[in-house]
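> coordinates for the following, if possible.
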Amino acid sequence: MNPFAFACIMPHGGEIIPELQGVYPERMSVTRGSMEKLTTLMSEANPDCIIILTPHGTRIHGQFAITDSERMAGTVEENQSTYTIERRVDRELARLINKCAQEKGVPSATINFGTAAGPISCLPLDWGVIVPLRFMPDVPIVVINPTRELSFGQHLEFGKALRKAVQQSQKRVGLIASCDWAHAHDKAGPYGFDPAAKPFDEQVVELIKTNQLEKMAEFEEGFIEAAKPDGIWQTLILAGAIPAEERHVEFLSYEAPTYFGLICAAFYSPKK
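Model prediction:
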């Protein structure tokens with residue numbers, strides 16, 4: 001039985017946030033509409049806390065990094081505007097996730113900053129978390145940063161440990177895989193253009209639509225490097241946490257209005 005109240009894949013381009021859309025509100029409007037739907041679905045699930053998997057947070061070489069500070073805060077700047085957010089951390093769940101990962105032999109560690117507890121115990125929120133959280137209920141969070149030094153198989157195993165921790169917690173937990181996809185769609189972008197970007201994103205869309213998330217582990221290293229996605233690792237954790245037979249997929253949207261691909265998808269428990 002799926003232990004998560006709700007799960008989804010969400011992107012993290014700054015302009016998705018309505019306050020940061022600037023003078024081109026239509027540029028990410030398809031994604032923004034899908035994010036609003038995910039807002040409704042997560043709110044209806046009524047989570048006690050939300051776990052966010054991000055590629056852009058505080059990294060530990062060779063270990064999954066799990067936040068264990070009192071709170072987290074951060075700001076995104078885009079189009080001469082700023083958006084700031086702060087959330088408390090569910091430290092009990094964070095420590096339980098770390099315990100379950102270590103019991104499975106998956107390298108992981110909790111991280112903190114400043115003081116052991118109290119108002120100074122605060123870690124930075126990255127844009128990979130801030131953008132999805134802009135659309136989410138105001139509940140405590142746990143932020144997890146995967147590590148690319150570990151294999152795809154270990155990411156699936158970490159997902160299984162995450163599942164076990166959520167089951168043991170007996171809390172209503174939402175799960176967000178914060179993912180952008182190929183970053184080489186536009187020669188004017190920071191990573192330039194690569195012809196691999198379009199077919200890579202097309203294959204990812206198909207794997208999500210057909211509920212075959214685990215097959216992202218089969219992408220060739222050269223194909224990944226050419227397309228430059230940042231979503232595979234978080235998605236494989238989600239796949240490990242919620243096996244295919246427990247996932248009913250609702251694919252909401254794909255677009256690549258700038259140099260990187262944006263996908264929104266929801267995952268429910270199958271109807272009996």
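
> any idea what sits nearest residue 20, other than its immediate chain neighbours?
Leaving aside its sequence neighbours, residue 20 sits nearest to residue 78 (CB to CB, 6 or more residues apart in numbering; 4.0 Å). In this view, the C-beta of every residue, glycine as well, is placed from N, C-alpha and C.

> could you report the neighbour count for that neighbour?
Residue 78: 18 surrounding residues under other CB atoms under 10 Å.

> same question for residue 36.
Applying other CB under 10 Å, we find 12 residues neighbouring residue 36.

> which SS class is it?
In three-state terms, and counting by DSSP: H, G, I helix; E, B strand; the rest coil, residue 36 is helix.

> measure it to residue 266 for me?
Residue 36 sits 12 Å away from residue 266, going by CB to CB, to the nearest Å.

> quick check: neighbours shared by these two?
Both residue 36 and residue 266 lack any common contact, where contact means CB atoms under 8 Å, 6 or more residues apart in numbering.

> rewinding a little: need the pLDDT of the residue nearest to residue 20.
With respect to pLDDT, residue 78 has a value of 94.

> before we move on, what about residue 14?
96.

> right, and it touches residue 127 too?
Yes - if you go by CB atoms under 8 Å, residue 14 and residue 127 touch, sitting 6.1 Å apart.

> please report how far the closest residue to residue 194 other than its chain neighbours lies from residue 224.
Computed as CB to CB, 6+ apart, the closest residue to residue 194 that is not its neighbour in sequence is residue 184, at 3.8 Å. Plainly put, residue 184 is 11 Å away from residue 224 if you go by CB to CB.

> show me which of the two is the more surrounded one.
residue 184 (24 against 15).

> now do the phi/psi pair for that one.
phi -130, psi 40 (degrees, to the nearest 10).

> pretty sure residue 254 contacts residue 205?
Yes - if you go by CB under 8 Å, residue 254 and residue 205 touch, sitting 5.2 Å apart.

> need the overlap of contacts for these two.
What both residue 254 and residue 205 touch, as defined by CB under 8 Å, 6+ apart, is the set residue 263.

> could you check which of the two is surrounded by more residues?
A side-by-side neighbour count of residue 254 and residue 205, using other CB under 10 Å, places residue 254 first with 21 against 17.
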